[in-house]
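S.K.: next input, structure requested:
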Amino acid sequence: MDKDSNIDMSVKLGSMHFSNPVIAASGTFAYGIEFSPFVDLNVLGGFCTKGLSIKPKIGNRFPRMIETASGMLNAIGLENIGLERFVDEKLPYLEKFQARLIVNFFGDTIDEYVELANELSKLPRVDALEMNVSCPNVEKGGVRLSSDPVILKEVVESVRKVTKKTLIVKLSPNVKDITEVALAAEEGGADALSLINTFVGLKIDVELRKPWLASTTGGVSGPAIKPLALAMVYETVRSVKIPVIGIGGISSVQDALEFFIAGASAIQIGTANYIDPSITMKVIAGLFDYCKENNLKSLAELSSLNR
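M.R.: As a prediction, the model looks like this:
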């Protein structure tokens, strides 16, 4: 990476400035600590924690993850250590790093979303909140919020009242019209949107003649969903006024560039972290190289195309 270049890689999401637009996605980067041997957390733009709830959750039954063609199918079920352990065990270690810390959080009720957002807002090291209203492999909470614009707007408004931190709402692709829910989140007070989460999918064990996953269906991620994600980001950018963070199948700098050209202000890398734990560093370096080779002073010049 050419740190001495005059290329501006910074991005602003809400009131929060990021040194660069590359963010590690929730659910694929643990709590950040676990990836520190492979990733320089002082260079990474930011990272999203595993989805956090007020109380610990054990997740779904095993088996809950299986490889698919050009991707994977997971039904982890938002397993996490809960707020108290996160604050006591994970947060102190993260104090020394410069990467923006985005806490992905969820609840089974609006009250739980509000309570957790309120508690997280008291933590100075937490830079931004990402509301998970879109996980397709849990039975309650987000899966319903994601498809009802009226309820989604209500929960975002409720959370907005208790936090001044940058508020990102993570959207599901499993809806009739992604722009309808995007507008609802924007009207509710979101500072930015991240999309897309995983698609509902199924894989069958033909020998046993039953689903591979104990929960039957799960969330499809990886390169297979990139064209679908790209189309939804393209649509959403042209429907809302707030920044959009592109997610879905990004595993190279070329993939990332497609999202920026489509209009994304930042990107999140998820499944690719499992294949190459240092992929975020390679994408950041690749973005600098691309801008330098194409005489671009900033990535913002890409997103202004075709708007």
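S.K.: any idea which helix or strand in this structure has the lowest mean pLDDT?
M.R.: One helix or strand of the chain scores below all others by mean pLDDT, DSSP states H and E: helix 142-145, with a mean of 58.
S.K.: now for the helix or strand just after it, which elements pack on it?
M.R.: Once helix 142-145 ends, the next helix or strand along the chain (criterion: DSSP states H and E) is helix 149-160. Contact here means 3 or more Cβ pairs under 8 Å, 6 or more residues apart in numbering; DSSP states H and E; on that basis helix 149-160 packs against helix 110-120, strand 128-132, helix 142-145, strand 166-170, helix 178-188. From N, CA and C alone the C-beta is placed, and that goes for glycine too.
S.K.: just send these back as JSON lines, with mean neighbour count too.
M.R.: Listed next are the helices and strands packed on helix 149-160 as JSON lines, based on neighbours: other Cβ atoms under 10 Å:
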{"stretch": "helix 110-120", "mean neighbour count": "18"}
{"stretch": "strand 128-132", "mean neighbour count": "27"}
{"stretch": "helix 142-145", "mean neighbour count": "20"}
{"stretch": "strand 166-170", "mean neighbour count": "27"}
{"stretch": "helix 178-188", "mean neighbour count": "20"}
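S.K.: indicate which one of the ones you listed is closest to H17.
M.R.: Nearest of these to H17, taken as Cβ to Cβ: strand 166-170 at 9.9 Å.
S.K.: where does I66 sit: helix, strand or coil?
M.R.: strand (DSSP: H, G, I helix; E, B strand; the rest coil).
S.K.: that one: how many residues sit nearby?
M.R.: Residues near I66, counting by other Cβ atoms under 10 Å, number 16.
S.K.: any idea how far it lies from T216?
M.R.: From I66 across to T216, the span is 12 Å (Cβ to Cβ, to the nearest Å).
S.K.: I196 now?
M.R.: Relative to T216, I196 is positioned 21 Å away (Cβ to Cβ).
S.K.: what about the two, which has more around it?
M.R.: Set I196 next to T216 and count neighbours by other Cβ under 10 Å: I196 wins out with 27 against 12.
S.K.: contacting residues for that one?
M.R.: 134, 171-173, 178, 225, 228-229, 232-233, 247-248 (Cβ atoms under 8 Å, 6 or more residues apart in numbering).
S.K.: TSV for those residues, including secondary structure?
M.R.: What follows is these, written out as TSV (three-state DSSP):
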residue	secondary structure
S134	coil
L171	coil
S172	coil
P173	coil
I178	helix
I225	helix
L228	helix
A229	helix
M232	helix
V233	helix
I247	strand
G248	coil
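S.K.: buried subset of those?
M.R.: 134, 171-173, 178, 225, 229, 232-233, 247-248 (16 or more other Cβ atoms under 10 Å).
S.K.: which one of the residues you listed is nearest P21?
M.R.: I247 (12.2 Å).
S.K.: doesn't V200 fall inside a strand?
M.R.: Yes: counting by three-state DSSP, V200 is part of a strand.
S.K.: need the contact list for it.
M.R.: Listed by Cβ under 8 Å, 6+ apart, the contact set of V200 reads 136, 174, 217-220.
S.K.: by neighbours, which of those wins?
M.R.: G218 (30 neighbours).
S.K.: gap between L44 and A192?
M.R.: From L44 to A192 the distance is 18 Å (Cβ to Cβ).
S.K.: where does pLDDT dip in this structure?
M.R.: Across the chain, the ranges flagged by pLDDT under 70 are 1-5, 135-144, 303-307.
S.K.: any idea which residue of it is furthest from its center?
M.R.: Farthest-out residue of the chain from its mean C-alpha position, per Cα atoms, centre = their mean: E207, at 35.4 Å.
S.K.: from V233, how far off is it?
M.R.: E207 sits 38 Å away from V233, going by Cβ to Cβ.
S.K.: same question for L299.
M.R.: To V233, L299 is 15 Å away according to Cβ to Cβ.
S.K.: tell me how many other residues crowd the nearest residue to L167 once chain neighbours are set aside.
M.R.: Distance criterion Cβ to Cβ, 6 or more residues apart in numbering; nearest residue to L167, sequence neighbours excluded, is D191 at 5.0 Å. Residue neighbour count, defined by other Cβ under 10 Å, stands at 20 for D191.
S.K.: can you check P227 too?
M.R.: For P227, using other Cβ under 10 Å, the count is 12.
S.K.: next up, identify which helix or strand it is on.
M.R.: helix 226-237.
S.K.: for that helix, the distance to its chain's centre please.
M.R.: When C-alpha coordinates are averaged (Cα atoms, centre = their mean, to the nearest Å), helix 226-237 and its chain have centres 14 Å apart.
S.K.: what's the answer for stretch 66-75, then?
M.R.: 18 Å.
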